[in-house]
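K.L.:
Quick one: sequence plus predicted model below, questions after.
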Amino acid sequence: MKGYSTREVAELIDLPQETIREIAHGVLDLDRQHRGRYRFSFQDIVVLRTARELLQAGVRRSRINRTLIRLSDRLPRSRPLTSYRISGDAGEVVIQEDERMYSANTGQYHFNFSVAELAGTVAPLAKKNVEEAELEADHLSSDDWFDLGVDLEAVSPEDAPTAYLRALELDPKHSDAHVNLGRLKQEAGDLNAAEHYYRQALEAEPDNVLAAFNLGTLMEDMGRVSDAIDAYKRAQHFSDAHYNLSRLYELIGKHAEALKHLKIYRAMTDPDSPR
């Protein structure tokens, strides 16, 4: 992957390089090493920025690592992070997206930062990475271009589609690149192109639940209820797919199916709820 060096991240978030290496070794994916050196994604920088806040709040190092692992697991990897806030208050780290809140339990501390603000700080480095990637294109893999695209969505979104398309030039069956291009097209209102990319993702990887779920939302946008139901059925590892199935079945008068999927949704989101 292209990514950001330890020195660059240290300067961005004001955290010693040795501390960054210790956290990388204990928390982040060791496959991110490149030629013996760590290369960090924007996702990693969000985690490391949280680590800085926890350290400044006096949280014990052993507790920090457990919290960061939970945080890393909860951050989305296939869509931009700029709509998120990371905060710590009343004994937990919280990820907030619009009206949704996700918790990563840990100790007592107080901090609050917007991922969008952090993205603005990283943007100049991301644009430099694009320029360097063009010069080193012969040495980059499809995954390298995909990782660059994910970072660019957060910090330089106009450049992200080009990176995903470069990934597909190298690997036309890179399902995640198809998914993210589909989402960008859907958000831009180009629904036919979005459908093309989602279906290409599912052709390359039939079990790609994110592609199936996104296709379901697209079919709803296009007023194709039956196709939306078919798509959501392929994404049943997502609790929201069951919620949407319940809503759509209720809409078309299939009340028993609606109730079935509502019960599954409740069981997935609240294991203590009555069956």
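P.N.:
That came in fine, so what should we check first?
K.L.:
which intervals of the stretch 1-150 of the chain have sub-threshold pLDDT?
P.N.:
The stretch 1-150 of the chain contains residues with pLDDT under 70 at 1-2, 29-36, 76-84, 89-92, 94, 96-112, 134-137.
K.L.:
now the helices: where do they sit in it?
P.N.:
Chain-ordered helices for the stretch 1-150 of the chain, with DSSP state H, counting those that start in this stretch as the definition, fall at 6-13, 17-26, 42-56, 61-74, 115-135, 142-155.
K.L.:
Going by contacts, tell me the helices and strands next to the helix or strand residue 260 falls within.
P.N.:
Assigned by DSSP states H and E, residue 260 belongs to helix 255-269. Contacts defined by 3 or more C-beta pairs under 8 Å, 6 or more residues apart in numbering; DSSP states H and E place helix 255-269 against helix 239-251. Bear in mind the C-beta positions are built from the backbone N, C-alpha and C, glycine included.
K.L.:
how far away is residue 213 from residue 179?
P.N.:
Per C-beta to C-beta, to the nearest Å, residue 213 is found 10 Å from residue 179.
K.L.:
The two: which has the busier surroundings?
P.N.:
Neighbour totals were compared for residue 213 and residue 179, and residue 179 leads with 27 against 22 (other C-beta atoms under 10 Å).
K.L.:
Give the residues shared as contacts by residue 213 and residue 179.
P.N.:
With contacts defined as C-beta atoms under 8 Å, 6 or more residues apart in numbering, no residue is shared by residue 213 and residue 179.
K.L.:
Residue 201: neighbour count?
P.N.:
Neighbours of residue 201 under the rule other C-beta under 10 Å: 26.
K.L.:
how close does it sit to residue 147?
P.N.:
Between residue 201 and residue 147 the distance is 17 Å, computed by C-beta to C-beta.
K.L.:
now swap in residue 55 and tell me
P.N.:
For residue 55, the distance to residue 147 equals 27 Å [C-beta to C-beta].
K.L.:
So between those two, which is more surrounded?
P.N.:
Between residue 55 and residue 147, residue 147 has the larger neighbour count (other C-beta under 10 Å), namely 23 against 17.
K.L.:
close enough to count as contact, that one and residue 40?
P.N.:
No. In this structure, residue 147 is not within contact of residue 40 by C-beta atoms under 8 Å, at 10.6 Å.
K.L.:
Lovely, talk soon.
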